[in-house]
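Student: The following comprises the amino acid sequence and a computationally predicted model.
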Amino acid sequence: MSGFVEKPEPLQVPGLVHLHTGKVRDLYQNEAGDLVMVASDRISAYDWVLPTEIPDKGRVLTQLSLWWFDLLQDLVPHHVLSTELPDGAPADWEGRTLVCRSLRMVPVECVARGYLTGSGLAEYESSRTVCGLALPEGLSDGSELPAPIFTPATKAAVGDHDENVSYEEVARQVGAETAALLRQTTLAVYGRARDIARDRGIILADTKFEFGLDGDGGLVLADEVLTPDSSRFWPAASWQPGRPQPSYDKQYVRDWLTSPASGWDRRAEQPPPALPPSVVAATRAKYVEAYEQLTGTAWS
């Protein structure tokens, strides 16, 4: 059992049709047929969307994505048309709303890994591979890979796990030409972002992208990009392979949920409890810190 602890009711905005409520984003369509994507302050962990929100989280994700889209647009076009609020939208949507091109979304999470951790580490320890790609002996948790790798995954519904799939399966689903373009573009964007982040004292361990196809079949970068929700960011100064790395993300939430303090049994079929104020504040601070260190701009 998983999903929303308390699924929110979508707001009714004149001229907009609600399409979908995701883990973090609410998706609408305007009268011109464009998508209106609103990033909430919801946070998920262990396949649950929690009942407690993290203040400013949606704005941080949106503003950081916009910053990255500008830096990457010579590599791949993005889907953003405007950041103007639709007429009649609530004031709270300011800073967290994107008006975007409607695309035919590619049904694949395009994951790039430059470092070994997470599900990749678990597979490596059992088979010396990640998504079927052979890796050398001697790597450990947090090791930099000899070269970044493309490790695609399925897109899961709310409450379900994304699952790694082989490159061959991607080619079967979307065609060999599109699969090759996805791999090439994913690794090119990751490489650019990794170097930018490294110059700012942050290691981009891995990240996932979503792409869509426009009316001409061209590849377009969509959804969010290179945020603490879609990426593992580690402080470069404290990077040390052989152990879990501190990170700029929701680790405070995960750690509290699995601690005795929460009283929650992850294996039971009960939803997780509300987060205490201290965990909310510490998590918000990590998101803001990532934004400020990457962009060099104070959060306001």
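Tutor: Yep, it's here.
Student: can we go C-alpha only for contacts and neighbour counts from here?
Tutor: Fine.
Student: what ranges do the helices span in the protein?
Tutor: Using DSSP state H, the helices of the chain run over residues 57-72, 118-127, 167-174, 176-199, 251-257, 277-295.
Student: Adding distance to residue 8, mean neighbour count and mean pLDDT, write the ones you listed out as JSON lines.
Tutor: JSON lines is the format used below for those (distance: least, Cα to Cα, whole Å; neighbours: other Cα atoms under 10 Å; pLDDT from 0 to 100):
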{"stretch": "helix 57-72", "distance to residue 8": "15", "mean neighbour count": "20", "mean pLDDT": "98"}
{"stretch": "helix 118-127", "distance to residue 8": "30", "mean neighbour count": "15", "mean pLDDT": "92"}
{"stretch": "helix 167-174", "distance to residue 8": "33", "mean neighbour count": "16", "mean pLDDT": "94"}
{"stretch": "helix 176-199", "distance to residue 8": "33", "mean neighbour count": "18", "mean pLDDT": "98"}
{"stretch": "helix 251-257", "distance to residue 8": "20", "mean neighbour count": "17", "mean pLDDT": "91"}
{"stretch": "helix 277-295", "distance to residue 8": "19", "mean neighbour count": "18", "mean pLDDT": "97"}
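Student: Among those helices, which comes closest to residue 19?
Tutor: helix 57-72 (18.6 Å; Cα to Cα).
Student: what's the closest one in contact with?
Tutor: For helix 57-72, contacts defined as Cα atoms under 8 Å, 6 or more residues apart in numbering pick out 24, 38-42, 78, 95-98, 189, 192, 224-229, 284, 287-288, 291, 295.
Student: Buried subset of those residues, written for ChimeraX?
Tutor: This is how ChimeraX selects the buried members of the contacts of helix 57-72, with burial counted by 16 or more other Cα atoms under 10 Å:
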select :24,38,39,40,41,42,78,95,96,97,98,189,224,225,226,227,228,229,284,287,288,291,295
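Student: which stretches of this structure have low pLDDT?
Tutor: Judged by pLDDT under 70, the chain has its weakly predicted residues at 1-2, 156-161.
Student: Spatially central residue in it, please.
Tutor: Closest residue to the average C-alpha location of the chain: residue 230 at 1.8 Å, with Cα atoms, centre = their mean.
Student: if we can go back for a sec, so can I have JSON lines of the helices of the chain showing distance to residue 151?
Tutor: Listed next are the helices of the chain as JSON lines, based on distance: least, Cα to Cα, whole Å:
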{"stretch": "helix 57-72", "distance to residue 151": "21"}
{"stretch": "helix 118-127", "distance to residue 151": "9"}
{"stretch": "helix 167-174", "distance to residue 151": "7"}
{"stretch": "helix 176-199", "distance to residue 151": "9"}
{"stretch": "helix 251-257", "distance to residue 151": "23"}
{"stretch": "helix 277-295", "distance to residue 151": "24"}
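Student: Minimum distance to residue 16: which of the ones you listed has it?
Tutor: Among the helices of the chain, the nearest to residue 16 by Cα to Cα is helix 57-72 (19.8 Å).
Student: now that closest one: how far from the chain's centre is it?
Tutor: Its chain's average C-alpha position is 11 Å from that of helix 57-72, according to Cα atoms, centre = their mean, to the nearest Å.
Student: For residue 298, give its distance to residue 85.
Tutor: For residue 298, the distance to residue 85 (Cα to Cα, to the nearest Å) stands at 23 Å.
Student: that older thread, filter the contacts of helix 57-72 down to the ones in strands?
Tutor: Using DSSP state E, the subset of the contacts of helix 57-72 located in strands is 38, 39, 97, 98.
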